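Enquirer: Could you work out the structure for the sequence below:
(one chain, ligands or ions: 1)
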Amino acid sequence: MEKQKRPGSAAFVIFGAAGDLAWRKLIPALYNLYLDSWMPDQFLVLGVDRSDMSDSKFRDHLRKGVDQFSRRGKSESKEWSAFAENLFYLKADLRKDETYNDLSKRLSSQDKKWDTHANRIFYLAVPPSMIESITEGLAKAKLHKDRERARVVVEKPFGHDLESAKKLNQHLTSEFKESQLFRIDHYLGKETVQNILAFRFGNSMFEPIWNRQHIDHVQITVAERVGVGHRGGYYEQAGALRDMIQNHLLQILCLIAMEAPVTFDANEVRNKKVDVLHAIRPIFPEQVHHMAARGQYGGGWIEGEHVPAYRSEPDVAEGSDTETYASVKFYVDNWRWQGVPFYLRTGKRMPVKTSEVVIQFRPVPHQTFPAAALLDWRPNRLLIAIQPEEGILLRFGVKHPGPSIHLSPVMMQFYYREAFKAKPPEAYETLLLDVMWGDATLFMRADQSEAAWSVIAPVLEVWGSVKSTDFPNYPAGSWGPEEADILIAQDGNTWVVPTLLQCREDIAVCSVTTELES
Ligand SMILES: NC(=O)c1ccc[n+]([C@@H]2O[C@H](COP(=O)([O-])OP(=O)(O)OC[C@H]3O[C@@H](n4cnc5c(N)ncnc54)[C@H](OP(=O)(O)O)[C@@H]3O)[C@@H](O)[C@H]2O)c1
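Expert: Numbers count the residues shown, from 1 in each chain. Prediction:
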């Protein structure tokens, strides 16, 4: 897809525009696209919600969000005013048919003004319970008819389990063509996540070793330092497995494990990813206890501050059985990956916020050097740091300077910010621009989302039916429960302490703290 030009005219309709997502993510992303001259020459953003607001109150509200959450910091008056001229608000009940008739009239009159058929992007920034009402409303008002230009963006969660995901997909595809549907998983818009594809398939040197002959195991960690905060009500129904592993972590696994696509076409890339999900070895219910570990945080200390236990958070049941930590071991049963474990873990109230992938290579087949030279020797390791800083690090052994032979591990480091002297765009910027272009490469197709639910279904089932007996089983500020250490230790491995990349904003200087000895 040619992406050198700005996308064509677009009407961005945000359902739930007075909510948190629009405030913190969508409008700051659209504003940054505007500042970077990526927005179409003709565009409007029409926020639809039920609270009472004028256009000007809506704009003021959104500006506060931009000032707080934009990667560029506070907005400049001149630029903001020019952007804000394109923002409008419609107070409406999303359950009523008349809302969509009004919308249809408004969009048609805008098309007339612009003298074009603009792309119409319907962004569902609403609770999942509203999806059916909105898509039915759009269909009744015939707003779905233009298969090329009418697009619907659906936020996660896509269902609660395999059955509900199938039902949701059946509903969506009964009104819209799959090519009109953009199921967003913002992780896939992150620069480093996309860079996994560039790194793997834009370089010839890694591909020959990217397989079971050379790779011992893979670890994928997404750790959050925050607790559940004000999202207790939602989280009680979700848990870490649904909230993170089913989508973000399995998507990263797909990018690491997929075969090379023939072209960078949306369906080709997604076909290759879905192949990985289909190749994941099923976990039978009786295996769950040694293929997966769950945890829930108790009270603890983070950076000198005492933080409450999950069960003491707002809207969380006193005896809640919801996991705030999950780790699962997967095998991908194909020629490339047979026998290579992929360890995935995610948790809240971990010591640091970090996301990274560790590719652990096998040890050399024969040690040439005497034992005394190898005291610090470690096998090769590739680290792909996704957040907060973005970079790629390769560990290899060198001779320590001195008269005797002594091998030491060192790091070869690449940092995005240092190499390109710029902060990468936010994931939502990339994804919203892709929606305007109609490029679905980074979005989840129905079969991908269902395959991911199938992969975790047995674990969900066992955890749902067998109550944990030891929750809370890890203190806030730790790396999770003992069971997770046992899960990986069964194979003679240990979790890698995440690498902390720290880059200074003012000058391009990066440093790395890592456990070379692990
Ligand atoms: N916030 C995030 O960072 C984030 C991140 C990832 C995914 N998501 C997903 O994005 C979606 C939106 O999340 P959110 O945090 O923005 O939710 P939110 O803050 O609750 O916003 C939803 C908005 O929709 C409005 N609404 C609900 N029912 C309506 C109706 N019948 N008519 C008109 N307006 C109605 C709500 O109004 P009331 O307040 O009056 O109910 C609210 O303003 C969810 O699916 C969530 O899972 C959010």
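Enquirer: and the residue in the stretch 151-300 of the chain positioned nearest to the ligand, how many residues sit next to it?
Expert: Residue of the stretch 151-300 of the chain nearest the ligand, by Cβ to the nearest ligand atom: E155 (3.6 Å). Where C-beta positions appear, they are placed from N, C-alpha and C, glycine not excepted. Here the count is done by other Cβ atoms under 10 Å, and E155 has 19 residues near it.
Enquirer: Now do the same contact list for the residue in the chain positioned nearest to the ligand.
Expert: Distances between the chain and the ligand by Cβ to the nearest ligand atom are smallest at G19, namely 2.0 Å. Neighbouring residues of G19 by Cβ atoms under 8 Å, 6 or more residues apart in numbering: D49, A125, V126.
Enquirer: ok, back up a step: and the closest residue in space to the residue of the stretch 151-300 of the chain closest to the ligand that isn't next to it in sequence, how far is that from S174?
Expert: The shortest distance from E155 to any non-neighbouring residue, by Cβ to Cβ, 6 or more residues apart in numbering, is to I184 (5.7 Å). Noted for I184: a distance of 20 Å to S174, by Cβ to Cβ, to the nearest Å.
Enquirer: Give me the more crowded residue out of the two.
Expert: Taking other Cβ under 10 Å, I184 and S174 do not tie; I184 has more neighbours (23 against 10).
Enquirer: I figured that one hits V154, correct?
Expert: Yes: in this structure, I184 is within contact of V154 by Cβ atoms under 8 Å, at 6.9 Å.
Enquirer: follow-up on the earlier one: what pLDDT does the residue of the stretch 151-300 of the chain closest to the ligand get?
Expert: Looking at E155, its pLDDT stands at 94.
Enquirer: That one reaches I131, doesn't it?
Expert: No: if you go by Cβ under 8 Å, E155 and I131 don't touch, sitting 9.0 Å apart.
Enquirer: so what sits against both of the two?
Expert: In contact with both E155 and I131: L124, using Cβ under 8 Å, 6+ apart.
Enquirer: which residues sit against the host helix or strand of V13?
Expert: Under the criterion of DSSP states H and E, V13 resides in strand 10-15. Strand 10-15 has contacts (Cβ under 8 Å, 6+ apart) with 22, 26, 30, 40, 42-49, 94, 103, 107, 110, 118-126, 130, 134, 436.
Enquirer: So which of the residues you listed reach the ligand?
Expert: D49, L94, A125, V126, M130 (Cβ under 6 Å from any ligand atom).
Enquirer: Keep only those of those residues that are in strands.
Expert: D49 (DSSP state E).
Enquirer: And for P40, the neighbour number?
Expert: Other residues lying near P40 total 21 when counted by other Cβ under 10 Å.
Enquirer: So it, which state does it fall into?
Expert: What DSSP: H, G, I helix; E, B strand; the rest coil gives for P40 is coil.
Enquirer: could you pull out the helices for the stretch 351-500 of the chain?
Expert: Secondary structure of the stretch 351-500 of the chain (DSSP state H, counting those that start in this stretch): helices located at 416-420, 427-437, 446-465, 482-489.
Enquirer: can you list the residues of this protein near the ligand?
Expert: Counting by Cβ under 6 Å from any ligand atom, the chain comes close to the ligand at 16, 18-21, 24-25, 49-51, 93-95, 125-128, 130, 155-156.
Enquirer: just the buried members of those?
Expert: With burial judged by 16 or more other Cβ atoms under 10 Å, the buried subset of those is 16, 18-19, 21, 24-25, 49, 94, 125-126, 128, 130, 155-156.
Enquirer: now R183, nearest residue through space, not along the chain?
Expert: If the residues on either side of it in the chain are set aside, R183 comes closest to M444, at 4.0 Å by Cβ to Cβ, 6+ apart.
Enquirer: residue contacts, that neighbour?
Expert: Applying Cβ under 8 Å, 6+ apart, the residues near M444 are F158, R183, I184, D185, L188, N247, Q251.
Enquirer: Three-state assignment for K329, please.
Expert: For K329, the secondary structure call by three-state DSSP comes out as strand.
Enquirer: Neighbours of it, how many?
Expert: Using other Cβ under 10 Å, K329 is surrounded by 22 other residues.
Enquirer: so who does N271 touch?
Expert: N271 sits next to P261 when contact means Cβ under 8 Å, 6+ apart.
Enquirer: what are the phi and psi values for P401?
Expert: The phi/psi pair for P401 (degrees, to the nearest 10) reads phi -60, psi 140.
Enquirer: quick one: it and A317, what's the gap?
Expert: 59 Å.
Enquirer: now swap in H186 and tell me
Expert: Using Cβ to Cβ, one gets 28 Å for the distance from H186 to A317.
Enquirer: ok, these two, which is more surrounded?
Expert: Neighbours per residue (other Cβ under 10 Å) separate H186 from A317, with H186 holding more: 20 against 10.
Enquirer: residues contacting that one?
Expert: K25, A427, Y428, L431.
Enquirer: okay, the residue nearest to R183: pLDDT?
Expert: Value listed for M444 in the pLDDT field: 93.
Enquirer: for C510, same thing?
Expert: We note a pLDDT of 49 for C510 in this prediction.
Enquirer: Drop anything exposed from the contacts of H186.
Expert: The neighbour-count test (16+ other Cβ under 10 Å) marks K25, A427, Y428, L431 as buried among the contacts of H186.
Enquirer: Redo the residues you listed as a markdown table? Include pLDDT.
Expert: Shown next, in a markdown table, are these (pLDDT from 0 to 100):
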| residue | pLDDT |
| --- | --- |
| K25 | 97 |
| A427 | 92 |
| Y428 | 96 |
| L431 | 96 |
